[in-house]
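> Quick one: sequence and predicted model below, then my questions.
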Amino acid sequence: MARGVAAMALALDPDTIVVGGPLVRPGDPLVAELAAAVRPLCLRPVRIEPSPLGDEAVRLGAVRLALDRIDDDLFSLDPAR
């Protein structure tokens, strides 16, 4: 996993990488171990943080997308909609 994250960091040059999903919880040692393994593989430091949303990220993103779509459809000034 560290090699894949390091490759992404080298290609995209982000300041922070957010790791999420059901296996990652805030304060989890997995994130600290991942950061330690990625550090020597990168040219410049990159922060690796756990997502505060955990495994709820996908559901919350879907709800946000649906609410945005409703907002666009209901409050659009375009008469063609």
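On my side now, so go ahead.

> neighbours around residue 42, how many?
14 (other Cβ atoms under 10 Å). In this view, the C-beta of every residue, glycine as well, is placed from N, C-alpha and C.

> Hmm, it is touching residue 6, no?
Yes. Between residue 42 and residue 6 there is a contact at 5.6 Å, judged by Cβ atoms under 8 Å.

> where are the low-confidence patches of this protein?
26-27, 78-81 (pLDDT under 70).

> residue nearest the centroid of it?
residue 18 (4.5 Å; Cα atoms, centre = their mean).

> That one and residue 44, how far apart?
Per Cβ to Cβ, to the nearest Å, residue 18 is found 18 Å from residue 44.

> what's the answer for residue 2, then?
16 Å.

> Residue 19 now?
19 Å.

> neighbour-wise, which of the two wins?
residue 19 (17 against 8).

> quick one: the more buried one and residue 49 touch, right?
Yes. Residue 19 is within contact range of residue 49, at 7.2 Å (criterion: Cβ under 8 Å).

> Quick check: neighbours shared by these two?
residue 31 (Cβ atoms under 8 Å, 6 or more residues apart in numbering).

> list the buried ones in the biggest helix by length in the chain?
Taking DSSP state H as the assignment, the helix of the chain that covers the most residues is helix 57-74. Under the neighbour-count criterion of 16 or more other Cβ atoms under 10 Å, helix 57-74 has nothing buried.
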